[in-house]
Every structure is written in C-alpha cells, then in structure tokens.
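Peer 1: 3D model of this:
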Amino acid sequence: MILIKLLLFYNQKSDHRKRELHTLYGLKCRLPVCTPEKVENNRKKMYITYMKIHSESNSQLTGIIREQTEILLKNLDDQIAAADLNVPIDGLPNWRYLFHTIHSLDKNFINPDNFTEPAVSVCGIEPDLAVIDENRPGYRQAAEVTVKREQLAAYASYVRQKIESYLSTLDDTMLAEKPDGCRFSRLTLIIGQSRHSMWHLGLSSGLTVQTGKQWPVYTGLFR
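Peer 2: Alright, predicted model coming up:
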C-alpha cells in the first residue's frame with residue numbers, strides 16, 4: 001500500500017516538479033503525463049506486485065513443509081518397493097505395519113476428525129486391517145489375508161495426491177490454526193505424521209535387513 005501511495009503522490013505533481021524529481025534522483029527516463037487510465041493501470045500493477053511479494057513471504061514455512069513431505073513420501077514409496085512384506089513381527093506380517101502407516105497418513109495428516117475411509121476399490125485392502133494393536137477396537141488377526149506390493153503402492157499414490165493437494169492450499173498463517181472440529185493445529189498434525197511414518201519405515205527397514213536383503217533406499221536432506 002505504501003508503494004501505491006508513492007505512485008499517487010508522484011502522479012499528482014506537475015510536469016515541472018516531475019522533471020525536478022528526475023534530476024534529484026538521477027532518473028534518466030522521461031515519463032509521459034499520466035492520464036487517469038494510466039494511474040489506474042499503474043495502481044493495479046503495483047497491487048499485483050505487492051500481493052505477489054506478500055504471498056511469497058507468507059509461504060516460506062509451508063514451502064519447506066512441502067519439500068520435506070515430498071522426501072517423506074519418496075521414502076515411503078521406496079520402502080514399499082523393496083521391503084520384505086511378509087516378515088513377521090509381533091504376530092503380524094510387515095505389510096500390515098506399512099498399510100497402517102499409509103492409512104495413518106490418510107487419516108491424520110489433514111484432519112482426523114473429518115475423515116472418510118477410502119473405498120476398498122482404492123487398493124483392495126479392508127480399512128480395519130490398519131489396526132495393528134490387538135487392544136484397540138476393530139483389530140483382527142486376518143492371517144488368511146495376503147497383500148501384494150502393488151496394492152500398497154496404489155494406496156500410497158492415492159494418499160500422496162490428497163496430501164499434495166492439501167499442502168498447495170496452505171500458507172504460513174494457517175499452520176497454527178486448528179482444522180474444523182480438531183483439537184490439534186495443522187502443524188502439529190503434519191509433524192506428528194512425519195514422526196510416526198519415519199518410525200514405521202525404520203522398523204520396516206530393520207526387519208527387511210534381518211532377512212538377509214539389502215537396506216531399502218533412504219533419502220534425506222543431502223540425497
């Protein structure tokens with residue numbers, strides 16, 4: 001707004017005063033006399049520039065979050081591609097823990113209090129299989145169920161699209177706000193899911209190595 005006021009101040013000066021201003025500030029260009037239309041056009045240009053600068057300065061943190069979330073999701077994709085899905089831990093195969101991780105991102109990254117379970121057709125896996133704690137409601141052993149790598153990859157791709165679309169709508173001021181009906185801020189949910197996901201991906205890597213396979217690819221800040 002300050003820039004706009006300066007522009008209006010300049011346009012109100014006489015041609016003689018404008019030439020003095022040019023001389024004073026070393027301006028070599030000769031500006032034509034501004035008509036009301038030109039004043040309005042200049043005002044619009046200045047406003048657009050101001051809003052662009054304001055928008056960029058208000059999206060620095062969300063820009064970092066988008067970059068780091070991309071690394072997180074790449075690690076998830078690489079884990080799905082290389083992990084031993086059937087190695088057991090605590091009575092359940094590893095794929096259950098990876099499915100739990102993806103489902104948690106789906107439910108809790110945006111707003112756990114405004115969440116609808118995805119259709120089974122998204123990946124062909126029943127949502128209740130995301131429950132891995134026998135003490136929690138909905139848990140079942142389901143030892144007869146087998147899951148293919150492609151099914152986990154399909155669900156991860158579905159969740160990636162949701163998260164990327166969501167992050168594209170955020171600016172820095174929204175991070176401290178709570179989504180509708182949720183007791184946690186947006187930033188709390190995002191950081192919480194980053195922590196939770198990397199814990200499970202580390203677990204899956206360790207299980208995979210114990211079977212004699214190579215470590216799944218890991219991506220950090222520098223690679």
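
Peer 1: can you give me the helices for this protein?
Peer 2: 2-11, 15-25, 36-57, 60-82, 94-108, 149-167, 186-210 (DSSP state H).

Peer 1: could I get those as JSON lines with distance to Met174?
Peer 2: C-beta here means a position set from N, CA and C on the backbone, and glycine is covered the same way. Converted to JSON lines, the helices of the chain look like this (distance: least, C-beta to C-beta, whole Å):
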{"stretch": "helix 2-11", "distance to Met174": "26"}
{"stretch": "helix 15-25", "distance to Met174": "41"}
{"stretch": "helix 36-57", "distance to Met174": "13"}
{"stretch": "helix 60-82", "distance to Met174": "8"}
{"stretch": "helix 94-108", "distance to Met174": "17"}
{"stretch": "helix 149-167", "distance to Met174": "11"}
{"stretch": "helix 186-210", "distance to Met174": "6"}
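
Peer 1: highest average neighbour count across the ones you listed?
Peer 2: helix 94-108 (a mean of 22; mean count of other C-beta atoms under 10 Å).

Peer 1: re earlier: for Pro88, which of the helices of the chain is the nearest?
Peer 2: Ranking the helices of the chain by their distance to Pro88 (criterion: C-beta to C-beta) puts helix 94-108 first, at 7.5 Å.

Peer 1: how far does that closest one sit from its chain's centre?
Peer 2: Distance, stretch centre to chain centre, for helix 94-108: 17 Å (C-alpha atoms, centre = their mean, to the nearest Å).

Peer 1: Ile132: which of the helices of the chain is closest?
Peer 2: Taking C-beta to C-beta, helix 94-108 is the member of the helices of the chain nearest to Ile132, at 4.9 Å.

Peer 1: for that closest one, packing partners?
Peer 2: The helices and strands touching helix 94-108, judged by 3 or more C-beta pairs under 8 Å, 6 or more residues apart in numbering; DSSP states H and E, are helix 60-82, helix 149-167, helix 186-210.

Peer 1: tell me the mean pLDDT for that helix?
Peer 2: Averaging pLDDT along helix 94-108 gives 98.

Peer 1: let me know the angle separating it from helix 60-82.
Peer 2: Per axes from the mean of the first three to the mean of the last three C-alpha atoms, to 10 degrees, the angle that helix 94-108 makes with helix 60-82 is 160 degrees.

Peer 1: can I get the helices and strands packed on helix 94-108 in a markdown table including mean pLDDT and distance to Val122?
Peer 2: What follows is the helices and strands packed on helix 94-108, written out as a markdown table (pLDDT from 0 to 100; distance: least, C-beta to C-beta, whole Å):
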| stretch | mean pLDDT | distance to Val122 |
| --- | --- | --- |
| helix 60-82 | 97 | 15 |
| helix 149-167 | 98 | 5 |
| helix 186-210 | 98 | 19 |
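
Peer 1: can you say which of those is nearest to Phe222?
Peer 2: Nearest of the helices and strands packed on helix 94-108 to Phe222, taken as C-beta to C-beta: helix 60-82 at 10.7 Å.

Peer 1: what helices or strands is that closest one leaning on?
Peer 2: Going by 3+ C-beta pairs under 8 Å, 6+ apart, helix 60-82 lies up against helix 94-108, helix 149-167, helix 186-210.

Peer 1: of these, give the one that comes closest to Val131.
Peer 2: helix 94-108 (7.5 Å).
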